[in-house]
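Participant: Provided below for reference: sequence and predicted model.
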Amino acid sequence: MRISVRYFASVREALGRGNESVETDAPTLAALRDELIARGEPYANALARGKAVRMALDQLMCAETVALKDGGEVAFFPPVTGG
């Protein structure tokens, strides 16, 4: 499936990009995060399991266990973001 991925605040700064389109077979947000981490740096550091990273699917905050859907929009961001 193809999904749109957006990165915000310090995650965006670490990756040097604000968005990308990703082709994935990941069934959940957690699996997508792991897939991105497996790409290596800078993803491995920005999305590391030890870091607090919040996720949203189609602009709704959700848990990592939520299922992905084709054409969905996933967002990764730190727990607190400024304006």
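Facilitator: It's in.

Participant: so Ala67 makes contact with Ala26?
Facilitator: No - shown here, Ala67 and Ala26 do not form a contact pair, counting by Cβ atoms under 8 Å, at 9.6 Å. Every residue, glycine included, has its C-beta placed from N, CA and C.

Participant: counting neighbours, go ahead and name the busier of the two.
Facilitator: Ala26 (18 against 12; other Cβ atoms under 10 Å).

Participant: could you report the neighbour count for the residue lying closest to the more buried one once chain neighbours are set aside?
Facilitator: Counting by Cβ to Cβ, 6 or more residues apart in numbering, Leu32 is the residue found nearest to Ala26 once chain neighbours are left out, at 4.1 Å. Look at Leu32: counted by other Cβ under 10 Å, it has 24 neighbours.

Participant: let's number from 24 now, not from 1
Facilitator: Sounds good: first residue 24 from here, last item Leu55.

Participant: how about stretch 25-35: buried residues?
Facilitator: 26, 28-31, 34-35 (16 or more other Cβ atoms under 10 Å).

Participant: and it, how far apart are its ends?
Facilitator: 20 Å (Cα to Cα, to the nearest Å).

Participant: tell me how far it lies from the chain's centre.
Facilitator: 6 Å (Cα atoms, centre = their mean, to the nearest Å).

Participant: what mean pLDDT does it get?
Facilitator: The pLDDT scores in stretch 25-35 average 96.

Participant: give me the contacts around that stretch.
Facilitator: Stretch 25-35 is contacted from outside by 38, 40-47, 55, 59, 69-70, 76, 91-101, 104-105, using Cβ atoms under 8 Å, 6 or more residues apart in numbering.
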